[in-house]
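Undergrad: next comes the sequence, and after it the predicted model I'd like to discuss.
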Amino acid sequence: MSSKKTLALLLAVVMVFALFSACGGEETTTAATTGTTAATTEGTTGGTSTVEAERNENGEFVVKLPLSNDVVEFSTWVAVPAAFSGAGIDDLNGSIAFQEMEERTNVHVNWTHPAIGQEVAQFNLMIASQLYPDVINAAPTYWIGGVDKYVDDDIIIELDPYLEYMQNWMRVRTASADHLRQTLSDKGRICFWQTINQYLQPTFAGPLIRGDWADELGIDMENINTYDEWDEMFATFKNSGLGQLENVFDIATNDGSTQYLMDGYNISEEFAAIDGEVVYGPYSDNFKKYIGMLADWYQKGYMDKDFYTRTSADRESNALNGRVAVVTGGLYINCDRWDMQTLDAEDPNWYPIQIPLETKDTVRRIGAASSGYQPVKFNYSTISTMCSEELIPIICQWHDYLQTEEGGLLRSYGIEGETFYFDDEGQPRFMEIVTRNPDGISQNQMQVKSTMTHGTVAGLYDWRRELDPASSEKQNEITLEVWSKNLDYSQNPSISVAEEYYTEYSRIYNDVQTYVDEWVVKAITGSIDWEAEYDNYRAELERLGVQDMIRYRQEALDGYYNRDITFGYTEEQLEEYGINEMLAE
């Protein structure tokens with residue numbers, strides 16, 4: 001560290017110490033400190049913490065609140081979800097959870113939200129302007145060339161000099177080796193926070209079938225496991241004369257490639273990582289089988305002949321109006337609503353069936369709708385180089401509070417008694433003002449108003465908040481169980497191609513993906529003789545550079561597995577958090 005940065009950091013530490021001392025007996029903490037212990041971390045190099053930190057009975061480091069006697073402000077750039085536009089608030093300070101966060105911490109956030117639909121362009125304009133807010137919070141795909149480039153270009157800072165202010169973050173990211181790797185940059189830096197999945201979420205979307213029709217036709221919904229059995233099911237529906245069936249099933253995508261049908265061949269729509277090897281689905285051996293199957297189903301009239309033009313609204317309309325019997329990518333949270341809204345059906349019983357397999361013994365390694373299996377998710381929260389040194393420790397502790405049980409509850413559920421309650425088993429549940437708002441505001445919009453919704457801030461995240469206790473067992477449990485069968489998920493981490501290859505990689509990727517998307521639709525619809533053309537298809541991918549594209553990704557994945565997961569920890573912490581055991585595995 002330069003002498004200038006060292007001096008600035010020392011001054012920041014002194015100022016923060018003075019702020020804390022001024023709080024005196026008015027300090028509150030993240031949890032009752034009865035039975036707390038003091039933990040001293042030792043070591044003076046490598047960014048490890050050298051301060052004595054108080055811990056509560058849950059092992060959390062106590063973040064003393066408020067963070068300052070006087071109101072402190074920092075600025076943040078972050079995109080907001082589409083539901084924001086109907087939530088009736090101007091910025092995230094309209095959220096009950098963020099209002100409560102300000103009350104607890106005495107820290108006010110000045111938000112900048114790009115226009116919905118223009119997020120990437122406005123992110124790039126903000127970076128080009130060289131006028132950055134204190135905090136930049138953006139999805140991994142926004143950081144072109146990888147987040148390290150933005151450190152090297154003096155846009156965001158490394159956080160390891162401030163680890164003493166983010167000890168809960170350093171604790172929660174030790175849940176597994178993949179947690180540790182995924183919260184380091186490609187160059188092994190600690191330079192961002194990300195959302196930690198407290199509980200891995202089962203597969204949350206998959207095939208749904210009209211259960212009433214299946215029962216009428218004698219289709220055993222619990223034993224439709226393979227592609228061949230799906231073909232037989234489609235033939236039964238096609239000849240049934242039921243409903244307004246124009247087609248038997250909806251493929252859920254416009255380009256003909258859908259993970260819900262590719263999973264059983266262990267290929268992906270684009271990239272996947274299986275046991276440390278990068279796989280590009282459209283160049284895999286099994287892709288030929290997939291194309292042949294879809295072309296056959298299209299020719300037999302099982303598929304929507306205009307699938308490549310459909311919107312998500314079109315697909316839902318087809319389901320609710322009896323024009324399809326099977327949807328391949330239904331969301332579990334839609335089951336009960338579809339049962340109520342399907343026309344001309346007393347009990348349509350939209351029911352989950354297994355994601356199809358090549359054989360009954362096939363083990364899926366990629367996983368459709370598998371983001372819930374990732375240990376970390378959503379945006380990178382970073383501190384920019386324009387942030388003052390005095391603010392950095394405050395911002396670090398503000399984020400660190402959200403890595404505690406108390407902060408995580410606020411982030412995921414809002415305020416007890418206003419937006420959520422604890423059920424008899426101690427599980428937090430949303431109140432009906434969120435799930436069934438009397439003013440007709442949707443649950444997604446109410447979550448924007450009540451919580452720190454997806455992607456807006458890093459912290460602990462509890463996906464179980466989606467479960468409505470008033471929903472059916474079918475929706476809350478059976479769907480997730482059925483769609484997770486035969487799955488042995490192989491981690492598919494977010495990685496960045498090295499900066500020196502990124503321009504060439506992007507060119508190849510765009511050319512290859514455009515060609516694949518166009519060719520697949522032609523192959524499925526019979527516009528070309530796909531069998532006669534398949535070797536030419538593979539040759540064209542190679543001419544476009546697909547092998548170099550895969551090689552660049554593989555090098556990035558190899559780098560991911562070589563990240564130093566011990567970085568930032570003392571010898572005592574390596575032992576306490578089980579990192580040494582991870583290294584031995």
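TA: It's in.
Undergrad: so which helix or strand takes in the most centrally placed residue in the chain?
TA: The residue lying closest to the centre of the chain (CA atoms, centre = their mean) is residue 377, at 4.0 Å. Using DSSP states H and E, residue 377 sits in strand 376-383.
Undergrad: pLDDT weak spots in this protein?
TA: Across the chain, the ranges flagged by pLDDT under 70 are 1-52.
Undergrad: rewinding a little: against which helices or strands is the strand holding residue 377 packed?
TA: strand 135-138, helix 147-152, strand 193-197, helix 391-401 (3 or more CB pairs under 8 Å, 6 or more residues apart in numbering; DSSP states H and E). C-betas here are computed from N, CA, C, even on glycine.
Undergrad: using the centroid of the chain, identify the residue furthest from it.
TA: Largest centroid distance in the chain under CA atoms, centre = their mean is residue 241 at 41.3 Å.
Undergrad: about what we covered before: for the residue nearest to the centre of the chain, which non-adjacent residue is closest in space?
TA: residue 195 (5.3 Å; CB to CB, 6 or more residues apart in numbering).
Undergrad: contacting residues for the one you found?
TA: Listed by CB atoms under 8 Å, 6 or more residues apart in numbering, the contact partners of residue 195 are 376-379, 455, 458-461.
Undergrad: tell me the one of those residues nearest residue 316?
TA: The closest of the contacts of residue 195 to residue 316 turns out to be residue 455 (CB to CB; 24.2 Å).
Undergrad: quick one: what helix or strand has residue 506 in it?
TA: Going by DSSP H and E, residue 506 is in helix 499-525.
Undergrad: so after that helix, what's the next helix or strand?
TA: Using DSSP H and E, the helix or strand that directly follows helix 499-525 along the chain is helix 530-544.
Undergrad: relative to helix 530-544, how tilted is the helix or strand following that following helix?
TA: For helix 530-544, the succeeding helix or strand toward the C-terminus, using DSSP H and E, is helix 546-561. Interaxial angle of helix 546-561 relative to helix 530-544 (axes from the mean of the first three to the mean of the last three CA atoms, to 10 degrees): 70 degrees.
Undergrad: what comes into contact with helix 546-561?
TA: Residues contacting helix 546-561 (CB under 8 Å, 6+ apart): 181, 186, 271, 273, 276-278, 280, 283, 493, 495-498, 501, 504-505, 508-509, 512.
Undergrad: now the closest residue to residue 574 other than its chain neighbours: how far from residue 560?
TA: Once flanking residues are discounted, residue 574 sits nearest to residue 580: 5.1 Å by CB to CB, 6+ apart. According to CB to CB, to the nearest Å, residue 580 stands 20 Å off from residue 560.
Undergrad: for stretch 113-129, buried residues please.
TA: Neighbour-count burial for stretch 113-129, counted by 16 or more other CB atoms under 10 Å, picks out 113-114, 119, 122-123, 126-127.
Undergrad: which ones among these are found in helices?
TA: Among these, the residues falling in helices (DSSP state H) are 119, 122-123, 126-127.
Undergrad: could you dump those residues into CSV and include distance to residue 549?
TA: Listed next are those as CSV, based on distance: CB to CB, whole Å:
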residue, distance to residue 549
119, 26
122, 28
123, 24
126, 29
127, 25
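Undergrad: nearest to residue 213, of those residues?
TA: Distances from residue 213 to these, taken by CB to CB, are shortest for residue 119, at 41.7 Å.
Undergrad: for residue 455, see how far away the closest residue to the closest one other than its chain neighbours is.
TA: In this structure, residue 119 finds its nearest non-sequential neighbour in residue 79, 4.2 Å apart by CB to CB, 6+ apart. Per CB to CB, residue 79 is found 7 Å from residue 455.
Undergrad: what's the answer for residue 503, then?
TA: Separation of residue 503 from residue 455 (CB to CB) stands at 27 Å.
Undergrad: more neighbours: which of the two?
TA: residue 455 (18 against 12; other CB atoms under 10 Å).
Undergrad: I'd say the more buried one and residue 411 touch.
TA: No - applying CB atoms under 8 Å, one finds residue 455 not in contact with residue 411, separated by 11.8 Å.
Undergrad: what is in contact with those two at once?
TA: When contacts are counted by CB under 8 Å, 6+ apart, residue 455 and residue 411 have no shared neighbour.
Undergrad: residue 106 contacts residue 64, doesn't it?
TA: No - judged on CB under 8 Å, residue 106 makes no contact with residue 64 at a distance of 11.4 Å.
Undergrad: in stretch 289-307, which residues are buried?
TA: 290-291, 293-295, 297-298, 302-304, 307.
Undergrad: just the ones of these in helices?
TA: Checking the buried residues of stretch 289-307 against DSSP H, those in helices are 290-291, 293-295, 297-298.
Undergrad: state the number of residues packed around residue 360.
TA: With other CB under 10 Å as criterion, residue 360 counts 10.
Undergrad: which residue, neighbours along the chain excluded, lies closest to it?
TA: residue 225 (5.5 Å).
Undergrad: and for residue 280?
TA: Leaving out its chain neighbours, the residue that sits closest to residue 280 by CB to CB, 6+ apart is residue 550, at 5.3 Å.
Undergrad: the one you found and residue 277, how far apart?
TA: Taking CB to CB, one finds residue 550 at 10 Å from residue 277.
Undergrad: residue 239 too?
TA: 43 Å.
Undergrad: again, but for residue 244
TA: For residue 244 relative to residue 277 (CB to CB), the value is 46 Å.
Undergrad: out of the contacts of residue 195, who's the most crowded?
TA: Among these, residue 459 has the most neighbours (other CB under 10 Å), with 28 neighbours.
Undergrad: distance check, the residue nearest to that residue when sequence neighbours are not counted against residue 103.
TA: Spatial nearest neighbour of residue 459, chain neighbours left out: residue 402 (3.0 Å); criterion: CB to CB, 6+ apart. Using CB to CB, residue 402 is found at 15 Å from residue 103.
Undergrad: which neighbours do residue 79 and residue 455 have in common?
TA: residue 139.
Undergrad: can you give me how far stretch 471-479 is from the chain middle?
TA: Taking CA atoms, centre = their mean, to the nearest Å, one finds the center of stretch 471-479 at 22 Å from the center of the full chain.
Undergrad: and it, C-alpha only, in CSV?
TA: In CSV, the C-alpha atoms belonging to stretch 471-479 read as follows (Å, rounded to 0.1, in the frame of the first residue of the first chain):
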residue,chain,number,x,y,z
SER,A,471,-50.6,-22.0,-0.7
SER,A,472,-51.1,-25.7,-1.4
GLU,A,473,-48.7,-28.5,-0.5
LYS,A,474,-48.5,-29.1,-4.3
GLN,A,475,-47.2,-25.6,-4.9
ASN,A,476,-44.9,-25.2,-1.9
GLU,A,477,-43.4,-28.7,-1.7
ILE,A,478,-44.3,-31.3,-4.4
THR,A,479,-43.2,-29.1,-7.3
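Undergrad: what residues sit buried inside that stretch?
TA: Buried, per 16+ other CB under 10 Å, within stretch 471-479: 471, 474-476, 479.
Undergrad: which of the residues you listed fall within helices?
TA: residue 479.
Undergrad: let me know the closest of the buried residues of stretch 471-479 to residue 263.
TA: residue 479 (15.8 Å).
Undergrad: residue 411 should be in a strand, yeah?
TA: No - secondary structure of residue 411 (DSSP: H, G, I helix; E, B strand; the rest coil): helix, not part of a strand.
Undergrad: so how far is residue 171 from residue 81?
TA: Taking CB to CB, one finds residue 81 at 29 Å from residue 171.
Undergrad: for residue 329, grab phi and psi.
TA: Backbone geometry at residue 329, expressed as degrees, to the nearest 10, gives phi -130, psi 50.
Undergrad: wait, what's in contact with the nearest residue to residue 242 once chain neighbours are set aside?
TA: Take residue 242 and drop its neighbours on the chain: the residue closest to it by CB to CB, 6+ apart is residue 213, 5.2 Å away. Applying CB under 8 Å, 6+ apart to residue 213 gives the contacts 219, 237, 240, 242-243, 325.
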